[in-house]
Structure formats: C-alpha cells, structure tokens
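Novice: here you go, sequence then predicted model.
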Amino acid sequence: MIRLCDKSGWSYSFVKHEAGSLMKLSWDAYGNIIAGAGGNGYVLFGYIVDRHLSWENIEVDLDENNKIAVNDYVNEVSEELDFSERVINMSLRHHHLIACTASQVYIYNVANLSSPFLIDVKEPINSVVQGSKYVVLIDASQNIHVYDYEGKHISSPKFQGMKVESISSDVIALIDKNNPRLIRLFDVI
C-alpha cells in the first residue's frame with residue numbers, strides 16, 4: 001500500500017500494489033516521480049498528476065497528458081495548452097503562467113495565452129519564484145537565473161548555499177542555508 005500525503009497529513013492518493021513490503025522509496029530530482037523497490041523484486045513507479053493552481057480569478061489545471069487547462073472565471077475564457085514534453089514545474093502569479101519542461105520554460109501572459117515567450121534551459125528548473133516584474137528560475141544545479149516576463153535574461157547571481165525566498169520589483173531576498181536567520185538582499189540587475 002502507498003499513500004500520498006501532504007506535510008500536514010492530508011491524504012491525496014492511496015494505491016494497493018502487489019510488490020510486497022516496500023524496501024526503499026525515492027523521488028526524482030523534480031519531485032514528480034517516485035520509484036519503490038518491493039520485497040518480492042517488483043519495482044514500482046508513480047507519477048504526480050492533476051496539479052491545480054489558482055491566482056485571483058484564474059485557475060490552472062495540469063492533467064496527466066501534459067495539458068494545462070486555463071480558466072478565467074471573470075472574463076469567461078477557457079483555453080487549453082498542450083505540451084510535447086512533461087511539465088515538471090509551473091507557477092501562476094502576477095498575470096503570468098510559467099510552465100517548465102525539462103528543456104524549455106514557457107512564459108504566458110494570462111491575457112494572451114496564444115503566444116508564450118520561450119526560454120531554452122540547459123538543466124531542468126526545480127523552482128520558480130515570481131515577482132511583479134521578474135521571475136527567478138532555479139535549475140537542478142541550484143543556479144539562479146533572473147528573467148523578465150518577456151523572456152529576457154536579466155542576471156544570474158552566483159551565491160553558493162542560498163535559497164531564494166522572495167523577489168520584489170528590484171531586489172532578490174536570499175536565505176543563507178548555513179544560517180537560516182540570515183537574509184541577504186541583492187539588486188536584481
């Protein structure tokens with residue numbers, strides 16, 4: 001039996017399997033796929049599907065077929081975005097939807113979903129932090145990349161052991177992982 005819960009203990013999924021006792025579980029680097037080794041030699045794989053985001057009057061749903069349904073309830077607009085690669089991360093804030101695959105980042109203005117800005121990435125994006133003017137992308141090697149919402153690269157601050165906490169219109173707030181009480185502020189440009 002495998003039960004998927006959030007950090008507060010709410011159950012989201014429950015699966016009975018034939019693999020016997022699970023000896024080891026491991027998540028992939030993006031937190032989307034889980035693999036398990038059963039006591040009888042079976043290997044199990046599970047995928048996170050049906051993600052949901054909302055911001056103001058807009059709701060976004062990612063299904064298992066890599067399609068994102070965008071619903072604007074005030075303007076009564078619904079659109080479906082189709083991706084050839086698996087969507088591994090997404091974020092919705094400040095009138096923009098950010099969808100990340102393993103090789104590209106799509107930046108959509110929710111008022112015009114038909115023409116996204118594309119960013120080619122060398123490594124998959126693990127985390128997205130959106131501000132009012134900029135978006136911060138953190139890749140699998142923990143490199144920080146700052147872009148505007150038109151896909152223009154603004155900067156790539158080089159700081160080891162830092163976690164992006166927030167971004168404003170002109171400042172990035174980073175938390176030092178070695179001293180979590182220490183917050184460092186850096187100019188975006």
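Specialist: Yep, that arrived.

Novice: run through the protein and note the low-pLDDT ranges.
Specialist: 30 (pLDDT under 70).

Novice: how close does the most centrally placed residue in it get to residue 117?
Specialist: Nearest to the geometric centre of the chain sits residue 89, at 2.6 Å (C-alpha atoms, centre = their mean). Per C-beta to C-beta, to the nearest Å, residue 89 is found 16 Å from residue 117. Bear in mind the C-beta positions are built from the backbone N, C-alpha and C, glycine included.

Novice: before we move on, what about residue 171?
Specialist: For residue 171, the distance to residue 117 (C-beta to C-beta) stands at 23 Å.

Novice: which of those two has more neighbours?
Specialist: residue 117 (16 against 13; other C-beta atoms under 10 Å).

Novice: residues contacting the more buried one?
Specialist: Shown in contact with residue 117 (C-beta atoms under 8 Å, 6 or more residues apart in numbering): 106, 107, 149, 150, 151.

Novice: partners of the first one in the sheet?
Specialist: When you say that, I think you mean residue 106. Beta bridges link residue 106 to residue 99, residue 118 when assigned by DSSP bridges.

Novice: can you tell me the SS state at the residue lying farthest from the centre of the chain?
Specialist: The centre of the chain is farthest from one residue, residue 40, which by C-alpha atoms, centre = their mean lies 34.4 Å away. The local conformation at residue 40, judged by DSSP: H, G, I helix; E, B strand; the rest coil, is coil.
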